[in-house]
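Participant: model this:
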Amino acid sequence: MTNKTYNLYFLSLFYAILITYIIPWTSIYHGDFLDIGNYLNRIEYLHVGGNEASHVGLSWLLSEPLWKYIIIGIGLIFDDYRLALYIISIIIVFFYSIFLFKRVESYIGMIFLFNPMFIDLVLSQVRSALAFSLLLLAYDLSSKKWSSIVAIISILIHASMPLFIVIYFLLSKLNKSVYPKKYYLVTIITALLFAIFMKYGVNILLTILGDRHAGYENTIAGASLSYSIVWFAIGIFVATFATFENENDRIIAGYAIIMTSFFFFSSIMGNFAQRYVALTMPLIIISISYLPKHYRQGTYVLFFMYILLMFKYKLANV
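Facilitator: Next up is the predicted model:
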């Protein structure tokens, strides 16, 4: 291991511990994160022998079986279940940070990951964050065999991961066959179709498959248009002005454009979609770095001011 790699790992671990465990978010927010109670209750329920529905075939895959085994393992190994969830959050941010700090200056990554959406993701929506952090790891692995194994593990933790994998392969295909500016137009259209499907099609599909997530999106209010338009603006800036050195850069930028546009279109339709921006936050930060210097600096300023407004709004509503 080179000194550069060692420093990357050390910095990523330090940052992960800092923003998940050292900073007292529960004191700052006057309470624990929304989903934590559900996790703790399920850990205790399974630990004392509680039974859950059995699944076979595709229904088994959608039931996220590996996450269930992780939950059972926490009950067997840890006395303090909350500490176990903090450890998972540290692992999540560690993988996210390594992926990001390899591609942008570490201080840029640390500043812009430090925002309420990402904090809520890694400390509340632990299951989806863990699964996507493994997809980021799979992307960076040089071995196709191990990359595929890690991707499969992520699917067994969260049932939405195949969607992110499909988007990656779609972008890879488009990258080889579509002219650059048309490529970005296609990504925006893809985001619109994705939003329409999530609004009208996904619940029908999940109901047919008998999945427990059917109807879940309808129970959560969508974000306001003013909240999502900044992300859409960032996506449009990247689509219009970004420059790239290789096709992997274009895939990352295309991913960022799809997710920021999807958030915007979903907010128009009243769907909850900010989690998708939170999950792909490193890709958005990296895509900003592809902008020419004056556009990049202006976008960083816009992003930073937006983060301050997010914290102000969050703290005003605790």
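
Participant: contacts, neighbours, all on C-alpha from now
Facilitator: OK.

Participant: tell me the contacts of S266?
Facilitator: A195, I196, K199, G222, F272, A273 (CA atoms under 8 Å, 6 or more residues apart in numbering).

Participant: among those residues, which are in helices?
Facilitator: Secondary structure from DSSP state H places A195, I196 of these in helices.

Participant: biggest separation within the contacts of S266, which pair?
Facilitator: With CA to CA as the measure, no two of the contacts of S266 lie farther apart than I196 and G222, at 13.8 Å.

Participant: adding pLDDT, write the contacts of S266 out as a markdown table.
Facilitator: Shown next, in a markdown table, are these (pLDDT from 0 to 100):
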| residue | pLDDT |
| --- | --- |
| A195 | 90 |
| I196 | 88 |
| K199 | 79 |
| G222 | 49 |
| F272 | 80 |
| A273 | 86 |
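
Participant: format the contacts of S266 as a markdown table; extra columns: neighbour count and distance to K145.
Facilitator: Shown next, in a markdown table, are the contacts of S266 (neighbours: other CA atoms under 10 Å; distance: CA to CA, whole Å):
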| residue | neighbour count | distance to K145 |
| --- | --- | --- |
| A195 | 25 | 32 |
| I196 | 17 | 35 |
| K199 | 17 | 35 |
| G222 | 18 | 39 |
| F272 | 21 | 35 |
| A273 | 24 | 32 |
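
Participant: between the contacts of S266, which sits nearest F95?
Facilitator: A273 (22.6 Å).

Participant: pLDDT weak spots in this structure?
Facilitator: 201-224 (pLDDT under 70).

Participant: ok, of the contacts of S266, which one's closest to A316?
Facilitator: G222 (19.4 Å).

Participant: got the domain ranges for the chain?
Facilitator: Domains of the chain are assigned by automatic domain parsing as 1-158, 160-318.

Participant: now the end-to-end length of the last one.
Facilitator: Chord length of domain 160-318, first to last residue, is 30 Å (CA to CA, to the nearest Å).

Participant: who's in contact with T187?
Facilitator: T187 neighbours (CA under 8 Å, 6+ apart): G254, Y255, I257, I258.

Participant: for it, what is the enclosing helix or strand?
Facilitator: helix 180-196 (DSSP states H and E).

Participant: one more: R296?
Facilitator: Going by DSSP H and E, R296 is in helix 293-316.

Participant: correct me if wrong: H47 contacts I77.
Facilitator: No - using CA atoms under 8 Å, H47 is not in contact with I77, being 10.3 Å away.

Participant: which residue of the two possesses the greater neighbour count?
Facilitator: Each of H47 and I77 has its neighbours counted (other CA atoms under 10 Å); H47 has more, 15 against 10.

Participant: which residues sit in contact with the more buried one?
Facilitator: Contacts of H47 were listed using CA under 8 Å, 6+ apart, and they are I72, G75, L76.

Participant: out of those residues, who's the most crowded?
Facilitator: Highest neighbour count within the contacts of H47: G75, with 21 neighbours (other CA under 10 Å).

Participant: which element, helix or strand, includes that residue?
Facilitator: With DSSP H and E as the test, G75 turns up in helix 65-77.

Participant: which is the next helix or strand following that helix?
Facilitator: helix 81-101.

Participant: and that next one, what does it pack against?
Facilitator: helix 3-17, helix 36-47, helix 65-77, helix 106-113, helix 116-123, helix 126-140, helix 281-288 (3 or more CA pairs under 8 Å, 6 or more residues apart in numbering; DSSP states H and E).

Participant: what inclination does the first one have with respect to helix 81-101?
Facilitator: Between helix 3-17 and helix 81-101, the angle formed by their directions is 140 degrees, by axes from the mean of the first three to the mean of the last three CA atoms, to 10 degrees.

Participant: what about the spatially closest residue to I288 that is not a sequence neighbour, how many neighbours?
Facilitator: Spatial nearest neighbour of I288, excluding adjacent residues (CA to CA, 6 or more residues apart in numbering): R296 at 6.0 Å. Residues near R296, counting by other CA under 10 Å, number 19.

Participant: and E245, by the same measure?
Facilitator: 8.

Participant: does it sit in a helix, a strand or a coil?
Facilitator: coil (DSSP: H, G, I helix; E, B strand; the rest coil).

Participant: secondary structure element for F232?
Facilitator: helix 225-241.

Participant: please export the C-alpha coordinates of that helix as PDB.
Facilitator: This file holds the C-alpha atoms of helix 225-241, laid out as PDB (Å, rounded to 0.1, in the frame of the first residue of the first chain):
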ATOM      1  CA  LEU A 225     -40.100  22.800  -6.300                       C
ATOM      2  CA  SER A 226     -37.900  25.400  -4.800                       C
ATOM      3  CA  TYR A 227     -36.000  22.700  -2.900                       C
ATOM      4  CA  SER A 228     -35.300  20.600  -6.100                       C
ATOM      5  CA  ILE A 229     -34.700  23.300  -8.600                       C
ATOM      6  CA  VAL A 230     -31.200  24.000  -7.400                       C
ATOM      7  CA  TRP A 231     -30.200  20.400  -8.100                       C
ATOM      8  CA  PHE A 232     -31.800  20.600 -11.500                       C
ATOM      9  CA  ALA A 233     -29.800  23.800 -12.200                       C
ATOM     10  CA  ILE A 234     -26.600  22.000 -11.300                       C
ATOM     11  CA  GLY A 235     -27.500  19.100 -13.600                       C
ATOM     12  CA  ILE A 236     -28.200  21.600 -16.500                       C
ATOM     13  CA  PHE A 237     -24.900  23.300 -15.900                       C
ATOM     14  CA  VAL A 238     -23.000  20.000 -16.100                       C
ATOM     15  CA  ALA A 239     -25.000  18.900 -19.200                       C
ATOM     16  CA  THR A 240     -24.200  22.300 -20.900                       C
ATOM     17  CA  PHE A 241     -20.700  23.200 -19.900                       C
END
